[in-house]
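>>> Test case, fold it:
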Amino acid sequence: MTVNGDISASGDLILGGDGAEPFLSASSGNLVLSGSGDAVFNVAGTITSSGYISTEGAITASTATLGGFTIDANDATISRDLTIGR
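Numbers count the residues shown, from 1 in each chain. From the prediction side, this is the model:
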């Protein structure tokens with residue numbers, strides 16, 4: 001599916017089949033993408049989460065900030081206390 005412009009719905013939005021094939025579902029502020037195999041997901045903006053994000057593969061970024069650590073191609077900086085061990 002290729003879309004130029006907005007996709008909108010006044011109720012639940014479901015694209016796909018009976019769950020045995022890839023599908024996209026959006027309802028009550030939640031977005032569910034399901035499928036298998038390789039996929040590309042391009043986002044022009046920010047992805048945020050109030051829960052867990054997990055992956056079984058790699059996450060690649062040119063610069064990242066995680067828990068007060070900023071990591072880029074040249075070095076890593078710490079903007080808070082670092083405790084090693086207990």
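>>> hey, let's count contacts and neighbours off CA atoms from now on
Fine.
>>> mind showing which ranges of the protein have poor pLDDT?
Along the chain, the parts satisfying pLDDT under 70 run over 1-2, 14, 17-20, 77-79, 86.
>>> quick one, strands of it?
13-16, 23-27, 30-34, 63-66, 69-72, 76-78 (DSSP state E).
>>> can you tell me how far residue 16 sits from residue 24?
Using C-alpha to C-alpha, to the nearest Å, one obtains 6 Å as the distance from residue 16 to residue 24.
>>> which of these two has more neighbours?
Taking other C-alpha atoms under 10 Å, residue 16 and residue 24 do not tie; residue 24 has more neighbours (15 against 12).
>>> what bridges to that one?
Beta-bridge partners recorded for residue 24 (DSSP bridges): residue 15, residue 33.
>>> Export the strands of the chain as a markdown table, with columns for distance to residue 45.
Formatted as a markdown table, those follow (distance: least, C-alpha to C-alpha, whole Å):
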| stretch | distance to residue 45 |
| --- | --- |
| strand 13-16 | 22 |
| strand 23-27 | 19 |
| strand 30-34 | 16 |
| strand 63-66 | 15 |
| strand 69-72 | 19 |
| strand 76-78 | 24 |
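>>> Any idea which of the ones you listed gets closest to residue 51?
strand 30-34 (12.3 Å; C-alpha to C-alpha).
>>> Now for residue 21, how many residues are close by?
Neighbours around residue 21, by other C-alpha under 10 Å: 10.
>>> what do you get for residue 63?
11.
>>> can you check residue 50 too?
5.
>>> What distance do you get for it to residue 75?
28 Å.
>>> and the gap between the most centrally placed residue in the chain and residue 82?
The centre of the chain sits closest to residue 47, judged by C-alpha atoms, centre = their mean, with a distance of 5.7 Å. Relative to residue 82, residue 47 is positioned 26 Å away (C-alpha to C-alpha).
>>> Same check on residue 50?
Counting by C-alpha to C-alpha, the gap from residue 50 to residue 82 is 24 Å.
>>> Good, wrapping up.
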